[in-house]
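Peer 1: Structure, please.
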Amino acid sequence: MIKENQKLLNRLQVVLDGLVIILSYVLAWYIRFKTGIFQQDPWTLSLRSYMQLLLGIVPGFLFLYYLFHLYAPKRVLGRRLEAWRIIQANALGVMALILLLYLIREINISRTMLFVFVCVDIFGEVLERNIVRYVLRYIRKKGHNLKHIILVGYSRSAEQYIDRILVNPEWGYYVRGILDDSMPHGAEYKGIKVLGTIDNLTIILPQNRLDEIVITLGLSEYHKLERIVSMCEKSGVHTKFIPDYNNIIPTKPYTEDIQGLPVINIRHVPLNNMLNRILKRTMDIFGSMFAIVLFSPVMLAVVVIIKLTDPGPLIFKQERIGLKNKPFYMYKFRSMIMQKESDEEKGWTRKDDPRVTPIGHFIRSTSIDELPQLFNILKGDMSLVGPRPERPQFVEKFKEEIPRYMIKHQVRPGLTGWAQINGFRGDTSIRKRIECDLYYIENWTLGLDLKIIILTFFKGFINKNAY
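Peer 2: Alright, predicted model coming up:
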């Protein structure tokens, strides 16, 4: 029943998408030629002439939506990911359309109108799909269009899966029970009962009343996996496997195929990809050069003030640990009085620290003292965005105290980062900071970097925890 409903829903979604494309195109023509917003040419093609393009645009855009997996079940496709895929598909579609018009030397179709169309279409598709999503959630919360599943194996992963299903009733999953060899019949977890042993699959599967089997065996029971999978596949019921290793590998692993051998990578690091590294490094080079020019008046003013108010060097350099655990010297404007290196290494600055100069209090609290690190970025020691680098003695300390601390050194350290814009700067929780760093490492995109840079201007410069 669920499969048939999904097919019907997909067909309905295609029809709705097609209608949105047509309405967006007509609305774009009206905005371009009838509202007076844009300057009009002495002549324009009629709406009928423009409508002829729809014979190619509608199927072309629908095909792009298919390629971008926009017809996946909404149970597994998040709103933001869906919106991003709509933007990508529309951007690719309009670029392909403009290229085609150029190749056939069609100059009478307004390119402005096409750009208006793609903007309206993106808005329309996102709105339409969110309306569908909310309707589906309402229906599923009422108990309709449910996907009936059974869990095989009682484990931590089974409990975690049940927890997520219960707090998200709009997903439409109904857990009929659990099969397990070690738990007694009738035992339950949050209302989900143990129905029997794993061997009961031979009775349940032929009844053909399940939409999915979810294997949630504990680690000690993995020797049963082959037999369970064989039984499930023989019945034709869709089967999922949820590994019980979240407490061992608390991350998002990914698999790769090595000549037919699946290999699980413990941690997905997008910046291990060469193209991603090139894109990020390119942004670092041009971004740091732009920032150096932009902030040069500020840096010059700080240089003059430091020189006039306190004897000693203008730039303070300190050894930090960077990419692949390699040390480098990080630059800052000097904000403290001159002191012996052995004294400097004793610890962080504290509130009302007598070592901080008058100008030092200001440049530290506003993060102006960090601006020389733009030259570290230009050299390649650092990146615009990434985990903040730490001193060697603290790295040695934290790697023994904080699990997964050293993972942060798989990417270049940054001038700003996800932890910093979330308030974890200076004298704050190291564990929370590492959690943010790991999130950034595993979820890196150029878009995330741009988001962090923008948010840094709004809430990342002022550091309440800088002393």
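Peer 1: buried stuff in the helix or strand hosting residue 91?
Peer 2: Using DSSP states H and E, residue 91 maps to helix 79-103. Neighbour-count burial for helix 79-103, counted by 16 or more other Cβ atoms under 10 Å, picks out 82, 85-86, 89-90, 93-94, 97, 101. Where you see a C-beta, it was placed from the backbone N, CA and C, and this is true even at glycine.
Peer 1: I'd like to know which of the residues you listed is nearest to residue 45.
Peer 2: residue 101 (12.5 Å; Cβ to Cβ).
Peer 1: From residue 25, how far out is the closest one?
Peer 2: Distance of residue 101 to residue 25, computed by Cβ to Cβ, to the nearest Å: 15 Å.
Peer 1: How about residue 300?
Peer 2: Residue 300 is 53 Å from residue 25, by Cβ to Cβ.
Peer 1: Among those two, which residue is more densely surrounded?
Peer 2: residue 25 (25 against 10; other Cβ atoms under 10 Å).
Peer 1: Columns distance to residue 228 on top of the buried residues of helix 79-103, output as TSV?
Peer 2: Listed next are the buried residues of helix 79-103 as TSV, based on distance: Cβ to Cβ, whole Å:
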residue	distance to residue 228
82	33
85	34
86	39
89	39
90	43
93	44
94	49
97	50
101	56
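Peer 1: Let me know the helix or strand that residue 57 is in.
Peer 2: Here residue 57 is assigned to helix 54-67, by DSSP H and E.
Peer 1: Can you name every helix or strand that that helix contacts?
Peer 2: helix 2-34, helix 79-103 (3 or more Cβ pairs under 8 Å, 6 or more residues apart in numbering; DSSP states H and E).
Peer 1: These: lowest mean pLDDT?
Peer 2: When the helices and strands packed on helix 54-67 are ranked by mean pLDDT, helix 2-34 comes last with a mean of 83.
Peer 1: Does that helix pack against any helices or strands, and if so which?
Peer 2: By 3+ Cβ pairs under 8 Å, 6+ apart, helix 2-34 packs against helix 47-51, helix 54-67, helix 111-141.
Peer 1: Which parts of that helix count as buried, going by neighbours?
Peer 2: For helix 2-34, a neighbour-count test (16+ other Cβ under 10 Å) marks 2, 6, 9, 13, 16-18, 20-21, 24-26, 28-29, 31-33 as buried.
Peer 1: which non-adjacent residue is nearest residue 277?
Peer 2: Setting aside the residues directly before and after it, residue 277 is nearest to residue 271 in space (Cβ to Cβ, 6 or more residues apart in numbering), at 5.6 Å.
Peer 1: shaky segments in the stretch 151-300 of the chain?
Peer 2: Judged by pLDDT under 70, the stretch 151-300 of the chain has its weakly predicted residues at 170, 246-252.
Peer 1: So which residues of it form strands?
Peer 2: Under the criterion DSSP state E, counting those that start in this stretch, the stretch 151-300 of the chain carries strands at the ranges 173-179, 188-189, 192-196, 212-215, 238-241, 254-258, 261-265.
Peer 1: Could you say which of those strands is packed most deeply?
Peer 2: Among those, ranked by average contacts under mean count of other Cβ atoms under 10 Å, first place goes to strand 212-215 (a mean of 22).
Peer 1: Other residues contacting it?
Peer 2: Contact with strand 212-215 is made by 147-153, 161, 201, 205, 225, 228-229, 232, 237-242, as judged by Cβ atoms under 8 Å, 6 or more residues apart in numbering.
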